[in-house]
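Q: Prediction below, plus the sequence it came from.
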Amino acid sequence: DTGVSQNPRHKITKRGQNVTFRCDPISEHNRLYWYRQTLGQGPEFLTYFQNEAQLEKSRLLSDRFSAERPKGSFSTLEIQRTEQGDSAMYLCASSYRGLSNEQFFGPGTRLTVL
Amino acid sequence: GIQVEQSPPDLILQEGANSTLRCNFSDSVNNLQWFHQNPWGQLINLFYIPSGTKQNGRLSATTVATERYSLLYISSSQTTDSGVYFCAAEGMDTGRRALTFGSGTRLQVQP
């Protein structure tokens, strides 16, 4: 049983460029989450999917951010016109719809915007 | 939304010592989890514990839901226990499935 995987693990980009990250959840999990973590802080929620439906977005998810989960499998998070403040670790998690909503996290994608 | 506070923010122990980490939350919870974040940033699941007590080796956790707190116990600490420990809670708000994280407890175990 493989865990949550994320690609790439590291991304360095110049300000103003677009970047896209991918998350592959645990295979039987139908819920998928994106979080962002900056240095010295706990992760902060960005958005949540149940199957292919995006059910919740936080105020942190500005217009430059978009997430998709086509066919309810993998998900992508795109950041357009990156800014230095976007530098952070982007974490993906998945869970199985049921009585327990225990979330399992991937290794993260570390984004550095120069 | 739910607020999560962790204490202490930093903890330094000698190898072999015991410790207790605390997590207070402001609302009733559907889900409460403890994580250990390793130096590479990976969040490792320690406990899923919205109520009750669980044990896993040298680690145990207790959540008293009615009093809105959870405790993580580490016994006979080892240097490999070093890292940041996060508590995260999902409030009982209808339809909200996100975890709200505390600021973490940074643990350093010295040999």
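A: Good, I have the coordinates.

Q: what pairs with residue B:73 across the strands?
A: Judged by DSSP bridges, the bridge partners of residue B:73 are residue B:20, residue B:60.

Q: separation between the closest residue to chain A within chain B and residue B:48?
A: Nearest residue of chain B to chain A: residue B:101, at 3.2 Å (Cβ to the nearest Cβ). (Glycine included, C-beta is placed from N, CA and C.) Residue B:101 is 15 Å from residue B:48, where distance means Cβ to Cβ, to the nearest Å.

Q: Compare the two (neighbour count), which wins?
A: Ranked by neighbour count (other Cβ atoms under 10 Å in any protein chain shown), residue B:101 and residue B:48 place residue B:101 first, with 22 against 16.

Q: Give me the spatial nearest neighbour of that one, chain neighbours excluded.
A: Nearest residue to residue B:101 in three dimensions, chain neighbours excluded: residue A:42, at 3.2 Å (Cβ to Cβ, 6 or more residues apart in numbering or on different chains).

Q: Isn't that neighbour up against residue B:85?
A: No: using Cβ atoms under 8 Å, residue A:42 is not in contact with residue B:85, being 10.5 Å away.

Q: Find the residues that touch each one of these two.
A: residue B:104 (Cβ atoms under 8 Å, 6 or more residues apart in numbering or on different chains).

Q: Quickly note the distance from the residue in chain A positioned nearest to chain B to residue A:72.
A: Chain A approaches chain B most closely through residue A:42 (3.2 Å), counting by Cβ to the nearest Cβ. Between residue A:42 and residue A:72 the computed distance is 28 Å (Cβ to Cβ).

Q: name the helices or strands packed onto the helix or strand hosting residue B:88?
A: If you go by DSSP states H and E, residue B:88 is part of strand B:83-91. Contacts defined by 3 or more Cβ pairs under 8 Å, 6 or more residues apart in numbering or on different chains; DSSP states H and E place strand B:83-91 against strand B:4-7, strand B:19-25, strand B:29-37, strand B:69-74, strand B:100-101, strand B:105-110.

Q: The nearest residue to residue B:96 once chain neighbours are set aside: what's it in contact with?
A: Leaving aside its chain neighbours, residue B:96 sits nearest to residue A:56 (6.7 Å; criterion: Cβ to Cβ, 6+ apart). Applying Cβ under 8 Å, 6+ apart to residue A:56 gives the contacts A:47, A:48, B:95, B:96, B:97, B:98.
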